[in-house]
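>>> structure for this input, please:
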Amino acid sequence: MTTPSSPTNAPSDADRESLGALYQVTAADIAFFKQQQWTVMNYTVGLDAALITISQHSATKPLTVAIAWALVFLACAIPVVAAMALARLRKSLDARRTRLAQTRTLLGPVFISAWEVPKEPDDFYFLFVGVLLCTWVVTLFLAWPRA
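You can find the predicted model right below:
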């Protein structure tokens, strides 16, 4: 097998085909993981809205102490689980981005020069964490048992 990093040994057609397939699969993985991040956030905000509705709706008033504390527990558990899922997705994204960067270096100079066009970063991880914290504070405040 040829060594693609050597300028005198250009990758074979089969190697180029494999690199192209790897690149496409990796790019699709990145798109999927980004979509999953948004899905996690949507479900988290939806669950928080449900907790607020349950705690504030007149049909559930007055809440028993056990139900009120169960809502508080859920209000604390939901963002923790969501943050863990987001962190795992971010690690997966970082791994795929590293693979993509390594794959790019093995592709032809035309591809590399086209890829060097600057692009704004699109990592929303810190936005997601900020939203998790905000919804946690609001949900906890509204779901907290009152005397």
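>>> can we go C-alpha only for contacts and neighbour counts from here?
Fine.
>>> element containing the residue most central in space within the chain, please.
Central residue of the chain (Cα atoms, centre = their mean): residue 37, 3.1 Å from the mean position. If you go by DSSP states H and E, residue 37 is part of helix 13-56.
>>> residue 73 too?
Following DSSP H and E, one finds residue 73 within helix 65-106.
>>> helices or strands next to that helix in the packing?
helix 13-56, helix 109-115, helix 125-143 (3 or more Cα pairs under 8 Å, 6 or more residues apart in numbering; DSSP states H and E).
>>> tilt between that helix and helix 13-56?
Counting by axes from the mean of the first three to the mean of the last three Cα atoms, to 10 degrees, helix 65-106 points 160 degrees away from the direction of helix 13-56.
>>> helix 65-106 versus helix 125-143: what angle between them?
Using the same axes, to 10 degrees: helix 65-106 against helix 125-143 is 180 degrees.
>>> low pLDDT regions in this structure?
Within the chain, the stretches with pLDDT under 70 are 1-10, 147.
>>> how about a cut-off of 90?
For the chain, the stretches flagged by pLDDT under 90 are 1-23, 55-68, 100-125, 141-147.
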